[in-house]
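Colleague: okay, here's the prediction I keep looking at, along with the sequence it came from:
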Amino acid sequence: MTSSPVLPKLVGQRVKRREDPRLIQGRGTYVDDVKIAGLQHLAFKRSDIAHGRILAIDTSAAEALDGVEAVFTGAQIAELLGPMPIGTPFPSPEHRAVAADIVRYVGEPVAVVVARDRYVARDAADAIAVDYEPLPAVVDPEEAMSGRPALLHADFPNNHAVGPLPAGTGVGGDGTVDDTAIDQAFADAEVVVSQRMVNHRLAPTSIEPRGVVAHYEPGKDTLTIWSSTQNPHILRTFIASLTGLGQDQVRAIAPEVGGGFGSKINIYGEEYVAAAVSKRLGLPVKWVEDRSEAFLTTIHGRDILAYVDLAARRDGTVLGLKLRLVADIGAYNMLLTAAIPTLTMTMASATYAIPAIRATLTEVFTNKTPTDAYRGAGRPEAIYFVERGMDMLARELGMDPAELRRRNFIRPDQFPYTTQTGAVYDSGDYDKVLDRALEKAGWEQLKAERDAAQAEGRLVGLGLSMYVEICGVGPSSGLPTGGWEHAQVTVERDGRISATTGASPHGQGNETTFAQMLADQFGVPFDHVTIRHGDTAVVKQGIGTFGSRSQAVGGAALHLAGGKVKAKMAKFAAALLEAHEADLVFENGRIAVAGAPAAAKSFAEVAAYAHRPIKLPAGLEPGLSDEAFFEPSNNTYPFGCHIALLEIDRDTGEPRLLRMVAVDDAGHLINPLIVEGQIHGGLAQGIGQALVEEVVYGADGQPLTGSFMDYAIPRASDFPRFELDNTVTPTPVNPLGAKGVGEAGTIGSTPCVVSAAVDALRGLGVKHIDMMLRPERLWRIIQGGQA
Amino acid sequence: MIPTAFDYARATSLDDAIARLQAAGGAGKLLAGGHSLVPLMKLRLSEPAVLIDIGHIPDLAGIRESDGVVEIGANTRHHDVATSALLRERCPVVADTAAVIGDPQVRNRGTLGGSLAHADPAADYPAAMLAVDADLHLKGPGGWRVVKARDFFQGVFTVDLAADEILAKVTFAASRASAYAKLHQRASRFAIVGVAAALETGGGIIRTARVGLTGAASSPSRLAGVEAALAGQPATAAAAAAAARGAGDGVSELNADIHGSAEYRRAMIPVFTRRALEAALARAGG
């Protein structure tokens, strides 16, 4: 027997993403690359007004165009499809995939064309004439709460979609509310800071827009649906339900998915319509969203405003927090819409042991695109409100903002820590991450530099933010789909390993990280492991990728499935080697007896034996394949500290980020390179919210940021080099100790950038500025301050 | 983002392109870099029946100088203007301007002629063309004519260019003491306010100044008040600052949108006028 090369352990190593060569060479297959003989193309006629009643719709000119197969109005689609379901327990108004009587936001579909190509389809959609009776539109959520000038849904008085819903200290499970403790906290306070803050609306803007191909085959009575989705199994469940097919009759495929940031969790009207129309016509159909449609109809994120009141003693001890939240959810409930702002309440305690919290949430309908999960999904809003509040408190007390935070931290020995709003934080060491960030930034020196720059008249400011968030989502109690994840691991006849994961990635790099894990677990080369995903015909079960769960939940399932297969393989190897299975080690492509390296079989030999066990060991079935479902006992709660140094141009109001330090703790890291990529992307979006990104509507409900000409996303040139570091506090809720990191960067960065801008303008008496930091807004403050 | 149906023709010469424009009877559009036209077509804001591609006409791109006159072909890409050693040395305001247009994709596809003929009120080039007092050379069925940049721009997306004419090249006298300064619109990277300055200095004195403004108003213009205030002044930053102070006062038809109100734009005109003048003075020989 020749000796095998020594294989390095890969978990914890900076392994380059194996996905990237094909993606950057244009060799990936996305939904729009799917071609089927006879494929027809959909185009949607969409409302160009924010609110109105459909009086008449004339499709005759569209139907007369050469190449048009069919046109369906909302009423005709309603014969094929019931109302769209939601995934939260809240009451919800009827939401049709294609509006039949009233339109409630610009972009809402009113008819769909089926035609031989995209161009004819679009021409036909343009040829549809719709006669509307315009209704007043409402875009300001606080105005909408009066029920005027527009009531969107008759059964939802004052446009209240949810609430007012209380949470926190003194709120009973039966809905009773006892304000004694929170009132006492404010009565005892020596200092109270109060501020209205807006965490404004954003567009997710994944580089690949949405898309769907639906192929119903009448002869088989089966439907195959390709979609740019984060969760093909959930898509299958909902598509089957609404089209009247069984889940066994529907196959959902997520091919390459070019980003989602939460927006592709949803099952959208266009997907239901594609499935229903394909089934009705017996033809394959494709729809690919264009960028204009994406701005109008893919869910938006954030858009929560808060009235924040923090009660504290002069020594900096926080006694109580009141958080009155108003969430502008747009015109309808989508899949998780109503649940997202409740996460803002859940995370109201942030990293602090706040003894009394009263959070109150009202969700409001307005004539805008519906909101739903966008990277961070409710947690960035919570951290923004609390961290800006803490910053204001530090200013009020004349205390170092780092020191104020430290005084209120939940201590390491308090974990698991149950917050006043019911979150159970798994583990944490907030002092450690703060200390690391202060050291990395050179906090004391930075403060001196800031002071020196301000003394010169420069508008330089320093901001710091702590965060804790929810990852590894989550136990089945928290998700209507179940919160587990599934994996199957197979050692093939040749000794190579195939594995499937239900955590369908859309940029997370799981083909790489999961292969690292299995390579280590089985002691085989990285190149001998293939990870499959994104096809319900290949991946037996799954939930999907959102809530930073693919590693913490999907990775844990993979680890468990791998362990089962490894245990079985050890029995085969033990039979071949005439050894005890407990004495075997899997390493360097061999299975050897510990302490007797000469007694070994190659991995491939054992695999071959398991598939042709002429002498089958007692009690074993042939083959090496097994699966696991992992149900986490809790979410994970990663945390970190971000620090920003920013300068504002006194003449123009333009903000410029000078330094950005991010120290994050996501527990054990499988691949630090991929983690850094996630942090970079998250920082870009979090800083982007503070500095350049904002969805804007006119008073008439017309979107004013309908393209990249008006909706800015940050560019590399907008940033300094990010300075990253991490601490490691493992989670006890999964066998990997990994917490998840996909959303972290968006959460800590936004408040610290805004706090830096406020700090830069402190000489002008500025205490708070609402995002985003438009140069003109800052210029006006500077002008006013000088006046 | 799906255009209406159109025909495509590749012109082999200027005369061929002109003949095709005439044949199209007003329904033809010239395609150069396509970075303004194609997005408009995708939004169905422009629905030409035929696109006449002038990108393959020989000798329509290039930068050269003879007898102190610089010539840039209409098909010259922004990137080539931005990186031209000749322009950076002899007339840096034009290279400055090209370097801050859009993003690398736009700069590698977009052309000088296309940008000028399109005349977006927030485009960068018009300010520079005004500052160097460029001659725009147009060819039509009746032959050549030359229009001054200051006469070419007539309003929003409106220029002195007939439906069967082609902007073939621009020429101008090189101006060493010149520069461009710009406030970026952070989404599109167009100019909220862009100011180009070209100075003639000697003996420590500003002899003449030309200052072009773009972005702020419905069409580009010369800042005559600033120019007059500079003439004969010492070539110093203090003089530049003094002349720039009231730069926005006389500007009319100011643009306003979510990226900047009319008031903000007016206030930014002196800021970027001063910055352009200071940068131009720093390049003055003495």
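Modeller: Looks like it came in fine.

Colleague: from now on I want contacts and neighbour counts done on CA atoms only, so please keep to that.
Modeller: OK.

Colleague: contact distance from chain B - what residues of chain A qualify?
Modeller: Residues of chain A that fall close to chain B, judged by Cα under 8 Å from any Cα of the partner chain: A:118-119, A:122-123, A:290-292, A:651-652, A:692, A:704, A:708-713, A:774, A:776.

Colleague: end to end, how far does stretch A:94-106 reach?
Modeller: In stretch A:94-106, first residue to last residue: 18 Å (Cα to Cα, to the nearest Å).

Colleague: burial count for the closest residue to chain A within the stretch 151-286 of chain B?
Modeller: Closest approach between the stretch 151-286 of chain B and chain A, counting by Cα to the nearest Cα: residue B:187, at 3.8 Å. Residue B:187 is flanked by 20 other residues according to other Cα atoms under 10 Å in any protein chain shown.

Colleague: and the residue nearest to it when sequence neighbours are not counted, backbone torsions?
Modeller: Closest residue in space to residue B:187, ignoring its immediate chain neighbours: residue A:712 at 3.8 Å, by Cα to Cα, 6 or more residues apart in numbering or on different chains. Comment: the main-chain dihedrals of residue A:712 come out as phi -90, psi 140, following degrees, to the nearest 10.

Colleague: again, but for residue A:416
Modeller: phi -70, psi 140.

Colleague: residues touching it, list them.
Modeller: Applying Cα atoms under 8 Å, 6 or more residues apart in numbering or on different chains, one finds that residue A:416 lies in contact with A:424-427.

Colleague: what does the domain assignment say about chain A?
Modeller: For chain A, the structural domains run A:20-27+A:476-630, A:34-135+A:207-259+A:264-297, A:301-471+A:635-786, going by automatic domain parsing.

Colleague: for residue A:580, give me its contacts.
Modeller: residue A:574.

Colleague: where does residue 35 fall, helix, sheet strand or coil?
Modeller: Let's take chain A. Remark: residue A:35 carries the secondary structure label coil [criterion: DSSP: H, G, I helix; E, B strand; the rest coil].

Colleague: number of nearby residues for it?
Modeller: Burial measure for residue A:35: 12 neighbouring residues, criterion other Cα under 10 Å.

Colleague: what does residue A:401 give?
Modeller: Neighbouring residues of residue A:401 were enumerated by other Cα under 10 Å; the total is 19.

Colleague: how would you label the closest residue to it other than its chain neighbours: helix, strand or coil?
Modeller: The shortest distance from residue A:401 to any residue other than its chain neighbours is 5.2 Å, reached at residue A:394 (Cα to Cα, 6+ apart). In terms of secondary structure, residue A:394 is helix; the call rests on three-state DSSP.

Colleague: which residues of the chain score low on pLDDT?
Modeller: Picked chain A for this. Scanning chain A for pLDDT under 70 picks out A:1-4, A:785-787.

Colleague: correction: the question concerned chain B.
Modeller: Counting by pLDDT under 70, chain B has low-confidence residues at B:286.

Colleague: close to chain A: what parts of it are there?
Modeller: Proximity of chain B to chain A (Cα under 8 Å from any Cα) is limited to residues B:1-5, B:186-188, B:258-261, B:264, B:268, B:271.

Colleague: recalculate using a threshold of 7 Å.
Modeller: Taking Cα under 7 Å from any Cα of the partner chain, the part of chain B that reaches chain A is made up of B:1-2, B:4, B:186-188, B:260, B:264, B:268, B:271.

Colleague: where do the helices sit along the stretch 1-150 of chain B?
Modeller: Across the stretch 1-150 of chain B, reading from the start of the chain, the helices by DSSP state H, counting those that start in this stretch fall at B:14-24, B:37-42, B:78-82, B:85-90, B:92-99, B:104-109, B:112-118, B:125-131, B:149-152.

Colleague: pick the most buried one from the ones you listed.
Modeller: helix B:125-131 (a mean of 30; mean count of other Cα atoms under 10 Å in any protein chain shown).

Colleague: run the chain-centre distance for that helix.
Modeller: Here the centre of mass of C-alpha atoms in helix B:125-131, compared against the chain's by Cα atoms, centre = their mean, to the nearest Å, lies 5 Å away.
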